[in-house]
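# What follows is a predicted protein model with its sequence.
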Amino acid sequence: MLALSLCACNTKKGETNSNFEDSDSDSVVNFKDSIAGIIEEQTVPKSADELFDDFIYGFMSSKKMQRQRIAFPLEVDEYGKTKTIEESEWKIDRLYKNQEFYTVLYDKVNDCSVEKDTSIYHAVVEWIYLNENRVKKYDFNRGKNGEWKLTKIIYERMSKNVNTDFLSFYQKFATDSAFMRAHLETPLEFISVDEETGEDIKGTLTADQWFDLQPEMPNGRISNVIYGQQYKNPNQKILFMRGLANGMMLSFKFKKIGGDWKLVSFVN
C-alpha cells in the first residue's frame, strides 16, 4: 500500500494536544501524541511551531492563539484590490477544523515528505470553491523567532491556480456519475489492508465494482495545504483525504491519458 504507507506516518493533524481547544469547542479529542509544555493559560510551546501541521491545528482550535498569530493589520488581496483587517474586526476562522476530513494535492507520493520538514518557512492553506471557480488562500510565514503567523489572505479566480486544469476536471468527476464512469481507467488499481494481518491487499476493480465501493468524493469546496510541494507535473495529481481526528486515509491517483484525466488508482 504505497501511497498510504508513505504518507500516513507523516500526518500529525489529529495528534496535536487537545489543550489547544477552546472551552466552548463542540468536542475535545484525545490524541495519542501530545505536545508537551502547554500550560493552562494556553501559552504556545516552541514545539508547536516545528511542524506546520501542529501549528495549524492550534491556530484553528484556539481563539487566543489565532489572534496572537495574525500579523495585524492583516493584508487582504481580493481579486487584485487590497484592503486591511484590524484586530478588532477579526472573527475566529476555524478553517477546516470542524470538518471530518481535509484534502491535500500532490504531484507524486514522495512529495508528502515535505510535511515533516521542520525547516520550511512558508505554507499556504487553500479553500477551493469548485462550483464558484474561486480560491481563498491563507498565506503563512515563519519569522526569525520561529513562530508561524498568518500574514495575508488572497482571493483569486480558480483560473489563476496552478492546478486549475485538474480542478476543473475534478469538480465534474466528483458530481457527475456518467462523467466519472467515462474517466475511470479500467481495470482500476485498488489497494487496501487486511484488518487481521495488516498486510496490503492489491487488486483491480471494474467500473461497477468501483461504484459499489467508492467513498463519497469531496466536492463543492475542498481544501489544499501547500507545505512547499512543487506542482511541476501537469499530467498527474494525487488527492489525499485525511481524517482530522481519526486514522482515515484515502488517496486517489489521477493521470492524463490521451489528453483526458483518468482515475487510475484508489488506496483505501
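That came through fine. Numbers count the residues shown, from 1 in each chain.
# Run through the strands of the stretch 1-150 of the chain in chain order.
Secondary structure of the stretch 1-150 of the chain by DSSP state E, counting those that start in this stretch: the strands cover 70-78, 81-85, 101-106, 122-129, 134-142, 148-157.
# Would you format these as TSV with mean pLDDT and distance to residue 240 included?
Quick note: C-beta positions are derived from backbone N, CA and C, even for glycine. Output for these, formatted as TSV (pLDDT from 0 to 100; distance: least, C-beta to C-beta, whole Å):
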stretch	mean pLDDT	distance to residue 240
strand 70-78	98	27
strand 81-85	98	31
strand 101-106	97	5
strand 122-129	98	14
strand 134-142	98	18
strand 148-157	98	22
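# do you know which of those lies nearest residue 251?
strand 101-106 (9.0 Å; C-beta to C-beta).
# Remind me what the closest one packs against, helices and strands.
Judged by 3 or more C-beta pairs under 8 Å, 6 or more residues apart in numbering; DSSP states H and E, the packing partners of strand 101-106 are strand 221-226, strand 236-243.
# Just the CA atoms of the helix or strand containing residue 261, as CSV, please.
Secondary structure assignment for residue 261, by DSSP states H and E: strand 260-267. C-alpha atoms of strand 260-267 as CSV (Å, rounded to 0.1, in the frame of the first residue of the first chain):
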residue,chain,number,x,y,z
ASP,A,260,-8.1,13.1,-20.7
TRP,A,261,-7.8,12.9,-17.0
LYS,A,262,-8.5,9.4,-15.6
LEU,A,263,-8.7,7.9,-12.1
VAL,A,264,-6.0,5.2,-12.2
SER,A,265,-5.6,4.1,-8.6
PHE,A,266,-7.5,4.1,-5.3
VAL,A,267,-6.0,3.4,-1.9
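# what about that strand, average pLDDT?
Average pLDDT, strand 260-267: 97.
# Taking their axis directions, it and strand 236-243 sit at what angle?
Relative orientation of strand 260-267 and strand 236-243, computed by axes from the mean of the first three to the mean of the last three C-alpha atoms, to 10 degrees: 40 degrees.
# Provide the strand pairings for strand 260-267, with the direction of each partner.
Taking DSSP bridges as the criterion, strand 260-267 forms sheet pairs with strand 184-193 (parallel), strand 249-257 (antiparallel).
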